[in-house]
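In: Would you be able to build a 3D model of this:
(2 chains)
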There are 2 protein chains.
Amino acid sequence: MSADPSFGACDVPDMPVDLVIHLGHAPMPHLRYDRVFFYDMRVPLPASLEFVDAAGSLLPKRVGLLTTTQFREWLPIIKEHLERKGHEVHIGEPDRRVAYAGQLLGCDYQTATAVERDVDGYLYIGTGDFHPLGVAILAKKPVIIADPERGTARDLGSVKDRLLRQRHAAITRARDAKAFGVIVSKKIGQIRTDLARDLKALAEEHGREAHIFLMDLVSPDLLEGYRVDAWVNTACPRIAIEDALMYSKPILTPPEFEIVLGVREWSDYVLDEIRVA
Amino acid sequence: MSADPSFGACDVPDMPVDLVIHLGHAPMPHLRYDRVFFYDMRVPLPASLEFVDAAGSLLPKRVGLLTTTQFREWLPIIKEHLERKGHEVHIGEPDRRVAYAGQLLGCDYQTATAVERDVDGYLYIGTGDFHPLGVAILAKKPVIIADPERGTARDLGSVKDRLLRQRHAAITRARDAKAFGVIVSKKIGQIRTDLARDLKALAEEHGREAHIFLMDLVSPDLLEGYRVDAWVNTACPRIAIEDALMYSKPILTPPEFEIVLGVREWSDYVLDEIRVA
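Out: Down below sits the predicted model:
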């Protein structure tokens, strides 16, 4: 058993075995895995679609349908169900980082933006805020969660507003930082060395100091003790978003770092993504 | 910069670079490193040997001299100094895991046991208890620390006694465990897959369940949530010793696990080592 944490199909452990069996994530088509079998996990469709109906009054007429891999086979059925109720439903095609139509990653919202012009809001089928939150920020259209576990639906709007306030505060805290640590992951689907080099160059052009830190597991305790004033994270885009409060120093995404340096406006705020066209 | 923790020459990060420069540790001769340059750190000898003289009254006539790599060049000078004061001084030759005569690792006490018959006690030149503690337990002879930073000397006896009480308690807590997790490291100088397999077989022979967990960084939070009653650690031998209190379940070394299974007596207690003859 691998006891290293795994954060997704971006993060497959190197093990001295003949075959790694990876449970629950769909492979990222653009990556070349070395002897990894992705064991598919699919949750059976509930007998009742009440959790979808619960979203009914929150939904606009034209809806983009989104989910994560374990619910992907529900999408055509839910699409039909919504169409019967008068909605126009779109399911976006993926890029090369995403395995299935309508599938969301925490770092790639391609299947949402692919249908952005055709829809007035999104319905996400799933249990957590993690995946659809990026869409809510990126698309600036309502994102409704239909939660098959709780059997209820909710609007992501207030979660999005709270997150944006937190990110604004992080950017403000980092504005006067002199030295930045630019974090680069060693994980197969998270390594962005070129981006880190570009950010270091950008920092230096703007009179700031930047140092590149390469690491496997990005974790607050492992980053204590370095003489930097703030971190810029090019590893998993969600670390700065979901884990920010665990870090003693501000930790920014690359677009947030651009805001700090004055080369991007706050009004152009986007969540960091790793898309592969 | 590598921001992964490094616990010694056993633990050199795999980095996408042409050369890794590793600071402060001496290479382990038995390992085949891939493009790693060990940058030697040597502390200059203090002007006064008062810290050695402070150990004087605690030392027996026949002394084994031990240290860690950064102080290794002091040993011939301290040997002469002690000989002038009437001591008989021995410096043990290393095995293939250890680079220098008299050098101690936290996992290899060869340079101490090599001279065990010729000495009545040891003088360790260094600042912490970590390295000589294993010798104190293994050799059952007094170990005195001459500390060049504090300028004072101390006997390790009470630290050793406290440690043995803690280990006795851990073994007692694990006695009734049904399922054991056997931890195997992925680090170049810590991986002991064969030992883990042997321990799993031994557990099963004695009616216990055992599962092998492969991981890079062994850390308490990464081991939460598994359905095992106790851990057996084949990674760095010192994790179960120094970090035991951070783990919610008992964590044992391989010899301690043998005591739990009844194939070793408490009177044969030894610290775990990774020696390479």
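In: what does the stretch 1-150 of chain A put close to chain B?
Out: A:Met1, A:Ser2, A:Ala3, A:Asp4, A:Pro5, A:Pro13, A:Asp14, A:Met15, A:Pro16 (CB under 8 Å from any CB of the partner chain). Quick note: C-beta positions are derived from backbone N, CA and C, even for glycine.
In: could you redo the last one with a cut-off of 6 Å?
Out: A:Met1, A:Ser2, A:Ala3, A:Asp4, A:Met15 (CB under 6 Å from any CB of the partner chain).
In: tell me which of those is nearest to chain B?
Out: Among those, A:Ala3 lies closest to chain B (CB to the nearest CB), at 4.0 Å.
In: Next one: the nearest residue to A:Asp229 once chain neighbours are set aside relative to chain B, how far apart?
Out: Distances taken as CB to CB, 6 or more residues apart in numbering or on different chains put A:Ala177 closest to A:Asp229, at 3.5 Å, once the chain neighbours are dropped. Distance of A:Ala177 to chain B, given as CB to the nearest CB, to the nearest Å: 18 Å.
In: A:Trp231 is in contact with A:Ala177, correct?
Out: No - if you go by CB atoms under 6 Å, A:Ala177 and A:Trp231 don't touch, sitting 9.4 Å apart.
In: And these two? Which one has more around it.
Out: A:Trp231 (25 against 21; other CB atoms under 10 Å in any protein chain shown).
In: Next, the contact list for the residue most central in space within chain A, please.
Out: Centroid-nearest residue in chain A: A:Gly106, 2.0 Å away (criterion: CA atoms, centre = their mean). By CB atoms under 6 Å, 6 or more residues apart in numbering or on different chains, the contact set of A:Gly106 is A:Phe130, A:His131, A:Arg238.
In: now with 8 Å?
Out: A:Gly8, A:Phe130, A:His131, A:Gly134, A:Cys236, A:Pro237, A:Arg238 (CB atoms under 8 Å, 6 or more residues apart in numbering or on different chains).
In: same question, A:Ile188
Out: Taking CB under 8 Å, 6+ apart, one finds A:Cys10, A:Asp11, A:Val12, A:Leu31, A:Tyr33 in contact with A:Ile188.
In: Now the residues you listed in TSV, please, with extra columns for neighbour count.
Out: Formatted as TSV, the contacts of A:Ile188 follow (neighbours: other CB atoms under 10 Å in any protein chain shown):
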residue	neighbour count
A:Cys10	23
A:Asp11	21
A:Val12	24
A:Leu31	16
A:Tyr33	15
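In: what's the closest of those to chain B?
Out: A:Asp11 (12.0 Å).
In: Tell me which stretches of the stretch 151-277 of chain A form helices.
Out: A:157-174, A:193-205, A:239-242, A:254-261 (DSSP state H, counting those that start in this stretch).
In: quick one: which of the ones you listed is nearest chain B?
Out: Using CB to the nearest CB, these put helix A:193-205 closest to chain B, at 7.1 Å.
In: mind saving the C-alpha coords of that closest one as PDB?
Out: What follows is helix A:193-205, C-alpha atoms only, in PDB (Å, rounded to 0.1, in the frame of the first residue of the first chain):
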ATOM      1  CA  THR A 193       9.300  24.600 -13.800                       C
ATOM      2  CA  ASP A 194       9.000  27.000 -16.700                       C
ATOM      3  CA  LEU A 195       6.200  28.900 -15.100                       C
ATOM      4  CA  ALA A 196       8.300  29.200 -11.900                       C
ATOM      5  CA  ARG A 197      11.300  30.500 -13.900                       C
ATOM      6  CA  ASP A 198       9.000  33.100 -15.600                       C
ATOM      7  CA  LEU A 199       7.700  34.200 -12.300                       C
ATOM      8  CA  LYS A 200      11.200  34.500 -10.800                       C
ATOM      9  CA  ALA A 201      12.200  36.700 -13.800                       C
ATOM     10  CA  LEU A 202       9.000  38.800 -13.500                       C
ATOM     11  CA  ALA A 203       9.700  39.300  -9.800                       C
ATOM     12  CA  GLU A 204      13.200  40.500 -10.500                       C
ATOM     13  CA  GLU A 205      12.100  42.800 -13.300                       C
END
